[in-house]
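Participant: Just the structure for this:
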Amino acid sequence: MPTQTVWITGASSGIGEALALEYAKNGARLVLSARRESELERVAGCCRDAGLGADQVLVLPLDVTDWESLPGKVQTVLDTFGAIDLLVNNAGVSQRSLCKDTDMSVYQKLMDVDVMGQIALTKAVLPHMLERGSGHLAVTASVAGKVGAPMRTGYCAAKHAVMGFFDALRAEVEGEGVSVSTITPGFIRTDISRNALAGDGSNYGKLDDDIAGGMDVNECAAVVFKGLQAKKREIPVGKGKEMAALWVKRLSPELLFRLAKA
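Facilitator: Numbers count the residues shown, from 1 in each chain. Just a heads-up that it's a prediction; the model follows:
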């Protein structure tokens, strides 16, 4: 395949890190973004070990909630590699708390990081892709963007919003040569629950049993890579009962609502 320039946010761990390694093995130029520069440097080293040259990996720390900085970050990528072929909006944070115990500040942070940050970076990259008449925008949504689950009211709200935004964006730009993919993971073995927000905004710090028994993150990345290469509009990935919930929601919403009760 032609050499791609792939920009991955949330690249310092989890799905983002595994996806970066998958693209590195396939020779893509990589832009790795997250807040933790030291972890990005670690991932960049792994990508170089996988075969990329030093000039094929750009470590670009960013905070997706700092909207004003994003156009400058886009320009840095363009100055370095000349184009952005694929942007994977993968930055995000989850939640583990009942609605009655959740501060409004937690809901605000979930929306700022998981929704508005993804929109802001996408808007900053989109003019470049429209001008070229080609490009690919992707977002890591979730089964929680299709199905409501207890202890995740804010996370589900954010992921439902992300699904809606990118589905609508696809309808606007697909005819202009820009593809849009929504990645819909189920339970993947990452630190997502450990890093989730508790009701007071503190770190939840626990590994969910469902996450512990979920799909291996590298297996997940291989599925996502294949789906992105095929420019699939929606990429479900997982192996547990949560994936069946996607079909139950379509066929019998009432049944799913009963099964999902806490």
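Participant: did I read that right, residue 179 in a strand?
Facilitator: Yes: the assignment for residue 179 (DSSP: H, G, I helix; E, B strand; the rest coil) places it in a strand.
Participant: Looks like it contacts residue 135 (just checking).
Facilitator: Yes: contact status for residue 179 versus residue 135: in contact at 7.3 Å, counting by C-beta atoms under 8 Å. Bear in mind the C-beta positions are built from the backbone N, C-alpha and C, glycine included.
Participant: Looking at the two, which one has more neighbours?
Facilitator: A count of neighbours by other C-beta atoms under 10 Å puts residue 135 above the other of residue 179 and residue 135, at 22 against 18.
Participant: who's in contact with that one?
Facilitator: For residue 135, the contacting residues are 84, 85, 86, 87, 125, 128, 129, 177, 178, 179, by C-beta atoms under 8 Å, 6 or more residues apart in numbering.
Participant: any idea how far it lies from residue 184?
Facilitator: Between residue 135 and residue 184 the computed distance is 21 Å (C-beta to C-beta, to the nearest Å).
Participant: Report all helices and strands that the longest helix seen in the chain contacts.
Facilitator: When the chain is parsed with DSSP state H, its longest helix is helix 153-173. Here helix 153-173 touches helix 104-111, helix 117-132, strand 135-140, strand 178-185, going by 3 or more C-beta pairs under 8 Å, 6 or more residues apart in numbering; DSSP states H and E.
Participant: Now do the residue most central in space within the chain against residue 104, distance only.
Facilitator: The centroid of the chain falls nearest to residue 90 when counting by C-alpha atoms, centre = their mean (2.3 Å). With distances defined as C-beta to C-beta, the gap from residue 90 to residue 104 amounts to 26 Å.
Participant: go on, residue 146?
Facilitator: Residue 146 is 25 Å from residue 104, by C-beta to C-beta.
Participant: Any regions of the chain where pLDDT drops low?
Facilitator: 1-2, 262 (pLDDT under 70).
Participant: ok so, going back, can you say which of the helices and strands packed on helix 153-173 is nearest to residue 48?
Facilitator: Proximity to residue 48, assessed across the helices and strands packed on helix 153-173 by C-beta to C-beta, is greatest for strand 135-140 (23.7 Å).
Participant: got the angle between the closest one and strand 178-185?
Facilitator: For strand 135-140 against strand 178-185, the angle between stretch directions is 20 degrees (axes from the mean of the first three to the mean of the last three C-alpha atoms, to 10 degrees).
Participant: so what strands line up beside strand 135-140?
Facilitator: Taking DSSP bridges as the criterion, strand 135-140 pairs within the sheet with strand 86-89 (parallel), strand 178-185 (parallel).
Participant: Understood, closing this out.
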